[in-house]
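[1] heads up, no residue letters with this:
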């Protein structure tokens, strides 16, 4: 195992003479020193390569405007902005269940959006597809501790779903008294909970310079937990998905052009990035990324990136592209 000093040098630390690992990184280091060191070494993003497609759907309701996939380690959860739902799949791509917002959740979202005008009964919030109807944007979901977290724009917030049953929750993004909650209008295209701290993060869709932190229970801004993002080798913009790994890495994906990035969630150091191409389609748009051990005839894959193939004459398709990494222990 490499030394802690050498591992810290791999993420540009320490910059000062004294550094307390847990305190200096906001408590984001894993409890295991071995895990922390593994998370500071170079994961060689350029060596990640696709070995198969773990899940796909073509011309279906759930594939229309699919915004991302996440996993609890045994099931896949795919969110659709077209249907405003999250669909549950097993390992054989069987559809197990569908989560949709309860009426009370929709009413709360509508109220927090300023009660915009809708067609039909004006006092009944409904989702619609016509331009004159209120239609908030549902982004890439994430899983943490028995809950699905679905980011929403218009209003900005998170729809929380207990996967084993129970009451759904809606939380509008908020800030401590006297502080502005939303510095710009394109937050919450995705969200993810850090597995060590339990803090929820998101970022701006266009050219983010930092991850913005929120209390996952109240969605009150927690600026002290923000993570500034270091310089990447290719443009970091149009960010549509992100996930944290158990060893303290942050993986982000962007669309148009499609690319994947890997950062340290300790200090935002960028290990590298890789362009993904268009997967053979002019309508290709990378939407999200998630982590799960998977195998294709004995070939291992750990990073899974959801591509939305936008179709004009029919419903969209999605493909969950699975990537092998040189050393999964470094995730």
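    Received it, and whenever you're ready, just let me know what you need. This structure is a prediction, so every number in the text was calculated from the model and none was measured. Numbering: from 1, shown residues only.
[2] Enumerate every residue touching residue 326.
    Contacts of residue 326 were listed using C-beta atoms under 8 Å, 6 or more residues apart in numbering, and they are 43-44, 47-48. C-beta: built from backbone N, CA, C; applies to glycine.
[3] Hmm, residue 227 is touching residue 211, no?
    Yes. If you go by C-beta atoms under 8 Å, residue 227 and residue 211 touch, sitting 4.3 Å apart.
[4] picking up where we left off before, pull out the buried residues from the contacts of residue 326.
    Those of the contacts of residue 326 that meet the buried threshold are 43, 48, by 16 or more other C-beta atoms under 10 Å.
[5] Make TSV out of the contacts of residue 326 and add secondary structure and distance to residue 260.
    TSV is the format used below for the contacts of residue 326 (DSSP: H, G, I helix; E, B strand; the rest coil; distance: C-beta to C-beta, whole Å):
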residue	secondary structure	distance to residue 260
43	coil	11
44	coil	12
47	helix	12
48	coil	7
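[6] out of the contacts of residue 326, who's nearest residue 56?
    residue 48 (19.7 Å; C-beta to C-beta).
[7] what's that closest one in contact with, if anything?
    260, 274, 303, 323-326.
[8] quick one: average confidence on stretch 319-331?
    For stretch 319-331, mean pLDDT rounds to 92.
[9] er, stretch 69-83 actually
    96.
[10] Got the confidence number for residue 311?
    85.
[11] and the gap between it and residue 200?
    33 Å (C-beta to C-beta, to the nearest Å).
[12] of those two, who's got more company?
    residue 200 (27 against 15; other C-beta atoms under 10 Å).
[13] and that one, bridged to which residues?
    Residue 200 has the following beta-bridge partners by DSSP bridges: residue 193, residue 214.
[14] Now do the contacts for it.
    149, 158, 191-194, 213-216, 219.
[15] Restricted to buried residues, select these in PyMOL.
    In PyMOL, a selection of the buried entries from the contacts of residue 200 looks like this (16+ other C-beta under 10 Å):
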select buried, resi 149+158+191+192+193+194+213+214+216+219
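[16] Surely residue 88 and residue 96 touch.
    Yes. Between residue 88 and residue 96 a contact is recorded at 4.4 Å, counting by C-beta under 8 Å.
[17] Could I get the full set of helices for the stretch 51-200 of the chain?
    103-112 (DSSP state H, counting those that start in this stretch).
[18] Extract the residue ranges of it that are flagged as low pLDDT.
    119-126, 129-131, 177, 180-185 (pLDDT under 70).
[19] Just want the phi and psi numbers for residue 292.
    For residue 292, the backbone dihedrals (degrees, to the nearest 10) come out as phi -170, psi 140.
[20] got it, and the one 5 residues further on?
    As for residue 297, its main-chain torsions (degrees, to the nearest 10) stand at phi 50, psi 50.
[21] roughly how far apart are it and residue 118?
    50 Å.
[22] who has more neighbours, those two?
    The neighbour count for residue 297 versus residue 118, taken as other C-beta under 10 Å, is higher for residue 118 (19 against 6).
[23] ok, the more buried one touching residue 135?
    No. Using C-beta under 8 Å, residue 118 is not in contact with residue 135; the gap is 9.3 Å.
[24] what residues are shared contacts of those two?
    residue 128.
[25] what about stretch 291-301, start to end distance?
    9 Å (C-alpha to C-alpha, to the nearest Å).
[26] for stretch 162-170, same thing?
    Stretch 162-170 end-to-end distance (C-alpha to C-alpha) = 12 Å.
[27] Next: stretch 20-36.
    Counting by C-alpha to C-alpha, the terminal residues of stretch 20-36 are separated by 13 Å.
[28] Likewise for stretch 25-36?
    11 Å.
[29] what's the spacing between it and its chain's center?
    Stretch 25-36 sits 21 Å away from the centroid of its parent chain (C-alpha atoms, centre = their mean, to the nearest Å).
[30] Show the average pLDDT along it.
    89.
[31] For the remainder of this discussion, apply numbering that starts at 33.
    Noted, 33 is the first residue going forward, which turns the last one into stretch 57-68.
[32] Give me the residues contacting that stretch.
    Counting by C-beta under 8 Å, 6+ apart, 33, 36, 39, 53-54, 71, 226, 228-229, 256-257, 259, 278-280, 297-299 sit against stretch 57-68.
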